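*Asks:* kindly return the folded structure for what I paste below:
(chains A and B)
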Amino acid sequence: MPDEAVTVTAAPSVDGAVNPLREGLASQGVANPCTAVFFGASGDLFKRMLLPAVYSMKLRGTLPTDFALVGFARSKYTDDTFRDYCKEQLDQFMPDGKKPQGALWDDFSKRISYMSADFSDKRHFVALKDRLAQNDEQFGTAGNHLFYLATPPPVFPEIIKHLKEAGLDKNDKGWTRIVVEKPFGTDLQSARALQQSIEAVFPESEIYRIDHYLGKEPVQDIIALRFANTIFEPIWNRNYVQNVQITSAESLGVEERGGYYESAGALRDMIQNHVINLLALVAMEPPISAHADDIRNEKYKVLSAIAPPAYADVWSVSARGQYGPGTIDSKPVIGYRQEQDVSPSSNTDTFAAVKLYVENWRWAGVPFYLRSGKRLPRKVAEIAVTFRPIPHRFYGESTDKIEPNVLVIKIEPDEGISLRFEAKVPGPKEHIRSVFMDFSYGTGFGVVSPPAYERLIGDAIAGDQTLFTRWDAVERAWEIVTPVLDVWHNTKDFSFPNYAAGSQGPQSANDLFGEWRRI
Amino acid sequence: MATDLTPTANVATMTIVVYFEDAAIGELARDRIRTLASKHPSRVILFDATADSERREEGPDWIEIGVKSAQPVALSSALAELRVREVPVVLLWIAPGIGDDERFCALAPDAQTIVYNSSLVHEGDEALRELVDYVARHPELALADIAYLRLAPWQESVAILFDGSDVAELSRLQRVEVTCGSEPEAFYLLGWLASRLNWSPGDPNTVRDRSGNPVEYAITREGEPRRIRRVALRSSNATFVAEVDRNGETIALRVENGGSHPQRNRAIEDPGIAALVERAILAGHHDRIFAESLAAAGGILSRRKEQP
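*Replies:* Presented below is the predicted three-dimensional model:
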């Protein structure tokens, strides 16, 4: 697909003059020269996701022409050896196998530098300030600085503190923005503490809390489906909707992330952020505009309408599981407790399900079922809106079951929409059967969307916060799941594992709701 | 023949009507439209003016008709019969002459978007002049020109040259040079600059800036048709150059004799005809900048006509 026709505001010069040639150009983010500093640049996230996303932007022409990248991490590299490292990683991780080469790579690589640094040493941040000033001079990056925290979360506060102490929290020449990777805290208390450390240095308008899930095209399509069509809105409420099921399932286990996952679990890792964000998009009222805060205001209103479960009710509205050995794709796989860096007696949840209610005029009484798990039969992310049964059945003699209509918004792996409705089977008898009408974005538009990180980094450079989570929403999401986390934490005996890898999840989830769509 | 009872769900986003009068261009068009239709499921109707033939169908959504001797009304009638009613009609007109062409006039009223290519058939400025006249007479038409859409990376590149403090140089420009394999792209680029910077037509090979000062322009025909190779804008202080690099991989941006930026390289981004048609369909006809650039190019061309 060609570049989206996104009109960017004309780029003001240093003295505020506007470049009239910018008007109407179909470019996204190109108008913002900047230096991006990646803290944790020798880590996994940088090499697998962030660096390929930035270089893909270079190939597409969506990266600012006046751009520089600074890697800042503990590992020992020089500028030259870090460039070699970047090239090696791009060789391995660029989507579609695009190799870094030729004039574009030469132009990109000369803008890469590296600082071997200790996050706890203020002097290294003072040196960073000098490096940024040097980049502004050498590469025309106009004093615009993007700080990307791609380190383990415990280091965030230290980095932020030193940015402030080194005077990097703002500058007179251009903008300063900070991108904070998820997870944003490990519970409500730690999230608030992290927020305090960030907001003491950066205003909310400069904080970009990244949840790469929100950068996925199908997630953005939810808004288009709801608000670019008239047919759904009249029935998108408690009068017609029986329940909403949001599923994010994976067939993979924890892979090499056992150490992280032990302290996280499915509820923290997926439900508190990705899945609750999907709920907000599905349930929110129409925003008055596509402006970031108009959309984020509506999302927050939905979350504030969700009452956190009462502590006494947690077991009646949640289910928890951990996979044991089983079979995926006809191959035997080990259980969670046998995974690398996982305790043999671990009580971490690899499956979590909760039932929530959005207590407002539109949704009162409609259950929203959220579930996420690892080692389920296949990778599926979807939102299924099940409509109420027909009010009167006049096929008196037929014994056919008449199923309710279901609208499924498919996010992964086959992005699209399907609608289940009932149809008469051809013939003299009045037989009714469910049929599916399927729309796939892949065949509908034949478009491969840019990876989520590419979109989100571009948005951060362009200053568009729409797809980033605002603090009030993060805090509210933690408040919603806190009673569940607390009760689960205080329950010691779960008889884990309680579902076999490759199964539909723990029986307790099925007993609890009974209406799950099969994965 | 047995009826196929396999349940299917068709998706159609538009009806694409292609008209061509040259067999080689027709082959190219078929190939590109198949690419486009694979991305945007569409019913495709090809009017092949190189032959007379019965309707030939490849499935329900690919229909070819030889219309060499057909009356214009036969074309509009076929379109009315074959189009998908609920989705827009896009007319891709790949033939010389639109203003007085009866067939074009028969098909255009049914099209929500018309896609033209002023540099496909002629490498000179004839087709662009004709388009300027036609659009002036039919401002209501939703029309996009591939030759203009092809400029996008060059517009971006030229704009980037004047970001930041160099923006002041735009009011000091004295000369613009465009090296290009065909003229429509060059005149579109001049028209775009003129429309953005409030230039007005001047003497032949000259425009006037907003203060009335002359800005010379020179177009050099060199290289492949439909490809720009170099744009240079000289101000009183420096020369701003966007040029395809030696390997033809990138557009190199540099400022000679001044300026505040080092040389930079951007992807050339040559998206191909299918993607340009797609751009035309998705955004082209909403493009106010295009309309203003076309009008400005028309003004410059009108003075050029007065050359001896």
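*Asks:* where does pLDDT dip in the chain?
*Replies:* Using chain A. Within chain A, the stretches with pLDDT under 70 are A:1-17, A:26-31, A:395-399, A:442-450, A:515.
*Asks:* sorry, I should have been clearer: chain B.
*Replies:* Applying pLDDT under 70 to chain B flags the ranges B:1-11, B:259-261, B:283-286, B:305-308.
*Asks:* redo that, cut-off 50
*Replies:* For chain B, applying pLDDT under 50 flags the ranges B:1-9, B:306-308.
*Asks:* point to the residue nearest the middle of it.
*Replies:* Centroid-nearest residue in chain B: B:Ile146, 2.0 Å away (criterion: C-alpha atoms, centre = their mean).
*Asks:* which residue is the nearest non-sequential neighbour of that one?
*Replies:* With sequence-adjacent residues excluded and distances taken as C-beta to C-beta, 6 or more residues apart in numbering or on different chains, B:Ile146 is closest to B:Asn117, at 4.0 Å. Where C-beta positions appear, they are placed from N, C-alpha and C, glycine not excepted.
*Asks:* sorry, back to before: quick one: the residue nearest to the centre of chain B and B:Val207, what's the gap?
*Replies:* Remark: distance between B:Ile146 and B:Val207 (C-beta to C-beta, to the nearest Å) = 25 Å.
*Asks:* B:Asn198 now?
*Replies:* Distance of B:Asn198 to B:Val207, given as C-beta to C-beta: 10 Å.
*Asks:* the more surrounded of these two?
*Replies:* For B:Asn198 versus B:Val207, neighbours defined as other C-beta atoms under 10 Å in any protein chain shown are more numerous around B:Val207 (25 against 12).
*Asks:* let me see the contact set for the more buried one.
*Replies:* B:Leu190, B:Ala194, B:Trp199, B:Ser200, B:Pro201, B:Pro214, B:Val215, B:Tyr217, B:Ile300 (C-beta atoms under 8 Å, 6 or more residues apart in numbering or on different chains).
*Asks:* which strand or helix spans it?
*Replies:* Element membership for B:Val207, per DSSP states H and E: strand B:206-208.
*Asks:* touching chain A at all, the next helix or strand after that strand?
*Replies:* Next along the chain after strand B:206-208, taking DSSP H and E as the criterion, comes strand B:214-221. No: with C-beta under 8 Å from any C-beta of the partner chain as the criterion, chain A is not reached by strand B:214-221; the gap is at least 14.5 Å.
*Asks:* just checking, what packs against strand B:214-221?
*Replies:* Judged by 3 or more C-beta pairs under 8 Å, 6 or more residues apart in numbering or on different chains; DSSP states H and E, strand B:214-221 is in contact with strand B:173-180, helix B:183-197, strand B:206-208.
*Asks:* measure stretch A:297-310 end to end?
*Replies:* Stretch A:297-310 has an end-to-end distance of 26 Å (C-alpha to C-alpha, to the nearest Å).
*Asks:* what strand or helix carries whichever residue of the stretch 101-250 of chain B sits closest to chain A?
*Replies:* Nearest residue of the stretch 101-250 of chain B to chain A: B:Ala159, at 3.9 Å (C-beta to the nearest C-beta). B:Ala159 is part of helix B:152-161 when elements are defined by DSSP H and E.
*Asks:* now that helix against strand B:173-180, angle please.
*Replies:* Interaxial angle, helix B:152-161 versus strand B:173-180 (axes from the mean of the first three to the mean of the last three C-alpha atoms, to 10 degrees): 150 degrees.
*Asks:* ok, residues contacting helix B:152-161?
*Replies:* Contacts of helix B:152-161 (C-beta under 8 Å, 6+ apart): A:3, A:19, A:21-22, A:25-27, A:30, A:61, A:65-66, B:189, B:192-193, B:228, B:231, B:233, B:240-242, B:251, B:253, B:255, B:261, B:264, B:266-270, B:279.
*Asks:* run the last query once more with 6 Å
*Replies:* A:21-22, A:25, A:27, A:65, B:228, B:231, B:240, B:242, B:251, B:253, B:266, B:269 (C-beta atoms under 6 Å, 6 or more residues apart in numbering or on different chains).
*Asks:* and the residue most central in space within chain A, which of the three is it?
*Replies:* Nearest residue to the geometric centre of chain A (C-alpha atoms, centre = their mean): A:Tyr213, 2.2 Å. The three-state assignment at A:Tyr213 reads helix, by DSSP: H, G, I helix; E, B strand; the rest coil.
*Asks:* surely it touches A:Asn273?
*Replies:* No: in this structure A:Tyr213 lies outside contact range of A:Asn273 using C-beta atoms under 6 Å: 7.4 Å.
*Asks:* nearest residue to A:Ala117 in space, please, no chain neighbours.
*Replies:* Closest residue in space to A:Ala117, ignoring its immediate chain neighbours: A:His124 at 3.7 Å, by C-beta to C-beta, 6+ apart.
*Asks:* number of nearby residues for residue 219?
*Replies:* Answering for chain A, as no chain was given. Other residues near A:Val219 come to 24 when the count uses other C-beta under 10 Å.
*Asks:* looking at chain B here, not the other one
*Replies:* Neighbour count for B:Ile219, taken as other C-beta under 10 Å: 19.
*Asks:* likewise for A:Arg393?
*Replies:* Number of residues near A:Arg393 (other C-beta under 10 Å) recorded here: 11.
*Asks:* in three-state terms, label residue 128 for me.
*Replies:* Looking at chain A here, since you left the chain open. At A:Leu128 the chain is in helix, as set by three-state DSSP.
*Asks:* meant chain B, my bad for not saying
*Replies:* Secondary structure state of B:Leu128, per three-state DSSP, is helix.
*Asks:* right, and it touches B:Ser182 too?
*Replies:* No: if you go by C-beta under 6 Å, B:Leu128 and B:Ser182 don't touch, sitting 9.7 Å apart.
*Asks:* for the two, indicate the residue with more neighbours.
*Replies:* Remark: of B:Leu128 and B:Ser182, B:Leu128 carries more neighbours, 28 against 24, as counted by other C-beta under 10 Å.
*Asks:* which residues in chain B form helices?
*Replies:* With helices called from DSSP state H, chain B shows them at B:23-39, B:72-82, B:102-107, B:126-137, B:146-149, B:152-161, B:183-197, B:272-282, B:288-305.
*Asks:* output the contacting helices and strands for the fourth one.
*Replies:* Contacts defined by 3 or more C-beta pairs under 6 Å, 6 or more residues apart in numbering or on different chains; DSSP states H and E place helix B:126-137 against no helix or strand at all.
*Asks:* now that helix, how far from the chain's geometric center?
*Replies:* Centroid separation for helix B:126-137 versus its chain: 13 Å, with C-alpha atoms, centre = their mean, to the nearest Å.
*Asks:* how many neighbours does residue 18 have?
*Replies:* Using chain A here. For A:Val18, the count of nearby residues is 13 (other C-beta under 10 Å).
*Asks:* you looked at the wrong chain, it should be chain B
*Replies:* Neighbours of B:Val18 (other C-beta under 10 Å): 23.
*Asks:* my read is that it contacts B:Leu46, right?
*Replies:* Yes: the criterion here is C-beta under 6 Å, and B:Val18 meets it with B:Leu46 at 4.8 Å.
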